[in-house]
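A.B. asks: Provided below are the primary sequence and the corresponding predicted coordinates.
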Amino acid sequence: MSGLRELRTSKWANPLLAGTVILAAALFPFFVGPLDSIMDDSILVLAYVVMALGLNLVVGFAGLLDLGFVAFYAFGLLVTGWWASDHFSDVNSKASSPGIHVGVGEFPQSLAGIHFNFLLLVIGAILICAIAGAIIGLPTLRLRGDYIAIVTLAFGEIIGRVAQNGDELTPFANNKLTNGRQSISPIDQIDLPFLEEFDQATNLRPYFWTVLALALVVLFVNFRLRDSRLGRAWIALREDEVAAASMGVPLVRTKLLAYATGGAFGGISGAFLGPYLQSVNANQFQFGFSIFILAMVILGGLGSIWGVVLGAVLVAAMNVFVIPDVLDGGAVRSVLDSLGLDFTFSQVSFGVFGFILVLMMVLRPQGLIPERRRKLEFAEVTGTDETLYEARA
Amino acid sequence: MEAASATIDRPAARRSDAARELLSKYGLVAILAVVPIIYAIIDLRDDGNLTRLGNNVVEGLSNGAIIALVALGYTLVYGIIELINFAHGEIFMIGGFVAFGLYGTLGLTPETGAFGLIVGLLVILVISALASGSLNTMIERVAYRPLRNAPKLAPLITAVGFSFILQNVGILWLGASQKSVPDLLGSQSELFNVFGLSISRGDLLAVVATVPLVVLLTAFIGRSRLGKAMRATAQDPEAARLMGINVDTTISLTFLLGGLLAGAAGLINTLYNTQVWYFQGFQAGLLAFTAAVMGGIGNIRGAVIGGLIIGVIQGIFDNRIGNEWTPAFVFGYLVLIMVFRPQGLIGEETREAG
């Protein structure tokens, strides 16, 4: 027992634990079938972890409430729709091998349109989302608090609308910007060296390892960012903007970098989900998606990296597993049927996420695994008797 | 160096300041006017008159009256606790749903006689307004009041959460698709026609029902004791408390008032547009919030004018460009106002400016 306690307090405890978990996660596909539904669920969960970590940078670290995170998901997906499918089929169509191909396998080589390797797609998504993040961030520089939230919400909705009606827009000759309410499909399978063939119809393992690697990289970058000069600037900004500025934190650059970095992570996740889901469906670019991701961050604990990972796993698991498989299938279903209730829980999943937001904010605003600094903050606020009004005056 | 050049350039600088002032004051108004003017020119060229545009404007004004009622709720609540009551659009939606449900309960059909219809609709007006008002007050009690000591973004997050909860209540209630409602008044039938502008029964209803509500509200806030308490709390909650005003009750009352108006708007919308949908609250909420910001949030008169303007813009966009693009435009315009003129277009400085 004493050995255990020693282990827990030693500085190696956390890395050891993390290493074990990562190893277990990496080996886990060998213990289940290549097409098991748990593989599918875990791939989606990990993709949402990446996205939640991105939103956490903006909302948790920098304290800028972003209600339009769906914009980055949209851009990430659209990058794959544009550059890894036959959407722009008349590009270079007169050539002997029509289309543009960079680093793709044999099968996409034969297709028209633009086809880039997955790594290029990820880089493209990072660049586009970072630029979009900075552009979305620009108008919020003059605003505070709730107005920032509404402006980001507005941008998310605008981008969603443009994607949904993009079939009416033809900016490049005869090419539609998007496929509108029809999906852009199919997207090229991922093609990476050293891994088995990617084909989500026959084997999900390579996809799992890819998204696990992405999640680990993003997680690592998150930790390094938090402890970096930039990360400390974000937290300073969140705590007190005026004080941070007078201590020499460059407000404009710091804020824009928060939006850009957070957006880039969202883009990475989108660029992965495009090939995995095999389609770019603009109908999901809704405000609800932003709330879905926000619920992960709030549930886990704003600004707490492990908390957000936990929150993302819980909320995403609820979305991909608990609601469709447990609540809408089997025993619960038959109970509902016998009561004459004909609704499905999938219909009201966003209500569930909304409920999580309300419950957490009222009962445990610091989240399941609170960030150390924020824990102190909440203790402080309830300790002194300062009200909103006094704080404002 | 800088100081010297500033002194030399002063007349020019003053002129550019004046130009900037003018631009900031009227630039956004000008942007807003572009689309109507373009379509006015197109109409004059194609038809030789402005009838088509005029009819869009009439339809827009009626919808604008509904939007104005919803916008009042945003503006009242923001004025008093600086919270964007994100769930307010859904309060409006629930009001519409209650009204639709009561059609069946009271047995109102388009064949009901005039007297029965009037009595029935008045009963529905009272019930749906009370339902929305008490729902709004309850949400304030459950989701916003416990968070008054919390960071300012916390109640906004619960508001968003409640907005989604209510939307899903709507889905459970009437399903996820639009539901058409019996057209009790024959709202599309033309009542009279002035210079080719067709005024339908619905248009008349929207105006006749909205104006007294707005007048009543203004009188209540301007004249009554409770209204005075509301204004005092909006100005300085702490001082109001010291003067013996029960701030909690006053805030509850504000939510009740906003909810009552939203419920009434829900009924009017059900009568006018003859359909209900769980998503109508989100859409109307967006338009109404934009209207409230446009009128200078916290400003009652501004919210009404803003609602009418947004309604007209919506009328023109829906009919000419396509209603799938209206939200994108309204959101874009909302960003412009928030960034460049957060005190609103109407001009009065409010507490929230900046």
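C.D. replies: Cool, got the structure.
A.B. asks: So for the spatially most central residue of chain A, what's the pLDDT?
C.D. replies: Centroid-nearest residue in chain A, with C-alpha atoms, centre = their mean: A:M51, separated by 1.4 Å. pLDDT recorded at A:M51 is 96.
A.B. asks: Which residues lie in contact with it in this structure?
C.D. replies: A:69, A:72-73, A:265-266, A:269-270, A:293, A:312 (C-beta atoms under 8 Å, 6 or more residues apart in numbering or on different chains). The way it works is simple: take the backbone N, C-alpha and C, and place the C-beta from them, glycine included.
A.B. asks: Where does the prediction get shaky in chain A?
C.D. replies: A:1-10, A:377-393 (pLDDT under 70).
A.B. asks: Strands of that one, start to end?
C.D. replies: All strands of chain A, identified by DSSP state E, fall at A:84-85, A:100-102, A:114-116.
A.B. asks: Mind listing residues that contact the last one?
C.D. replies: Residues from elsewhere that reach strand A:114-116, judged by C-beta under 8 Å, 6+ apart: A:82-85, A:87-88, A:91, A:99-104, A:108-109, A:124, A:188.
A.B. asks: just checking, which of the residues you listed belong to helices?
C.D. replies: A:82-83, A:108-109, A:124 (DSSP state H).
A.B. asks: buried subset of these?
C.D. replies: A:82-83, A:108, A:124 (16 or more other C-beta atoms under 10 Å in any protein chain shown).
A.B. asks: Just give me the closest of those to chain B.
C.D. replies: Distance to chain B, by C-beta to the nearest C-beta, is smallest for A:W82 among those, at 20.1 Å.
A.B. asks: give the contact list for the closest one.
C.D. replies: With C-beta under 8 Å, 6+ apart, A:W82 has these contacts: A:88, A:114.
A.B. asks: Repeat that for A:F88.
C.D. replies: Contacts of A:F88 (C-beta under 8 Å, 6+ apart): A:82, A:113-114, A:172, A:175.
A.B. asks: If any of those residues are buried, give me the ChimeraX selection for them.
C.D. replies: Buried members of the contacts of A:F88, defined by 16+ other C-beta under 10 Å, are picked up in ChimeraX with:
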select /A:82,113,114
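A.B. asks: my read: A:G267 touches A:C129, true?
C.D. replies: Yes. Assessed by C-beta atoms under 8 Å, A:G267 is found in contact with A:C129 at 3.1 Å.
A.B. asks: Which neighbours do these two have in common?
C.D. replies: A:72, A:75-76.
A.B. asks: Using neighbour counts, trim those to the buried set.
C.D. replies: A:72, A:75-76.
A.B. asks: contacting residues for the nearest residue to B:F329 once chain neighbours are set aside?
C.D. replies: Spatially, and ignoring its direct neighbours in sequence, B:F329 is nearest to B:F317 (6.0 Å; C-beta to C-beta, 6 or more residues apart in numbering or on different chains). Contact analysis of B:F317 by C-beta under 8 Å, 6+ apart lists B:35, B:323, B:325-326, B:329.
A.B. asks: Regarding the chain, what is its longest helix?
C.D. replies: With no chain named, the answer covers chain A. In chain A, with assignment by DSSP H, the single longest helix is helix A:251-277.
A.B. asks: wrong chain, I was asking about chain B
C.D. replies: helix B:10-46.
A.B. asks: can you list the strands of chain A in JSON lines and add distance to A:Q278?
C.D. replies: Output for those, formatted as JSON lines (distance: least, C-beta to C-beta, whole Å):
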{"stretch": "strand A:84-85", "distance to A:Q278": "9"}
{"stretch": "strand A:100-102", "distance to A:Q278": "19"}
{"stretch": "strand A:114-116", "distance to A:Q278": "14"}
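A.B. asks: so of the ones you listed, which one's packed in deepest?
C.D. replies: strand A:84-85 (a mean of 28; mean count of other C-beta atoms under 10 Å in any protein chain shown).
A.B. asks: Tell me if I am right that B:F192 is in a helix.
C.D. replies: No. Using DSSP: H, G, I helix; E, B strand; the rest coil, the assignment for B:F192 is strand, not a helix.
A.B. asks: What number of residues are in the vicinity of the closest residue to A:F345 other than its chain neighbours?
C.D. replies: Nearest in space to A:F345, with sequence neighbours left out and distances taken as C-beta to C-beta, 6+ apart, is A:L327 at 4.1 Å. Residues near A:L327, counting by other C-beta atoms under 10 Å in any protein chain shown, number 19.
A.B. asks: likewise B:F97?
C.D. replies: 26.
A.B. asks: does it sit in a helix, a strand or a coil?
C.D. replies: Assigned with three-state DSSP, B:F97 falls in the helix class.
A.B. asks: helices or strands next to the one helix or strand B:G281 maps to in the packing?
C.D. replies: Assessed by DSSP states H and E, B:G281 sits inside helix B:280-294. Judged by 3 or more C-beta pairs under 8 Å, 6 or more residues apart in numbering or on different chains; DSSP states H and E, the packing partners of helix B:280-294 are helix B:51-81, helix B:88-106, helix B:153-174, helix B:247-273, helix B:300-316, helix B:326-340.
A.B. asks: Using a markdown table, lay out those together with mean pLDDT.
C.D. replies: Putting the helices and strands packed on helix B:280-294 into a markdown table (pLDDT from 0 to 100) gives the following:
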| stretch | mean pLDDT |
| --- | --- |
| helix B:51-81 | 92 |
| helix B:88-106 | 94 |
| helix B:153-174 | 93 |
| helix B:247-273 | 95 |
| helix B:300-316 | 92 |
| helix B:326-340 | 90 |
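A.B. asks: sorry, back to before: which of the shared contacts of A:G267 and A:C129 fall within helices?
C.D. replies: A:72, A:75-76.
A.B. asks: Return the closest of those with respect to chain B.
C.D. replies: A:F75 (16.0 Å).
A.B. asks: Can you pull up the residues of the stretch 101-250 of chain A that come close to chain B?
C.D. replies: Within the stretch 101-250 of chain A, the residues that sit near chain B (C-beta under 8 Å from any C-beta of the partner chain) are A:139, A:142-143, A:145-147, A:149-151, A:154-155, A:157-158, A:161-162, A:164-165, A:168.
A.B. asks: List only buried entries from the residues you listed.
C.D. replies: Counted by 16+ other C-beta under 10 Å, those give A:139, A:143, A:145-147, A:149-151, A:154-155, A:157-158, A:161-162, A:164-165 as buried.
A.B. asks: now the residue in the stretch 201-350 of chain A that chain B sits nearest to, nearest residue through space, not along the chain?
C.D. replies: With C-beta to the nearest C-beta as the measure, A:V348 is the residue of the stretch 201-350 of chain A nearest to chain B, at 4.0 Å. Of all residues not flanking A:V348 in the chain, B:N168 sits nearest, at 4.0 Å (C-beta to C-beta, 6+ apart).
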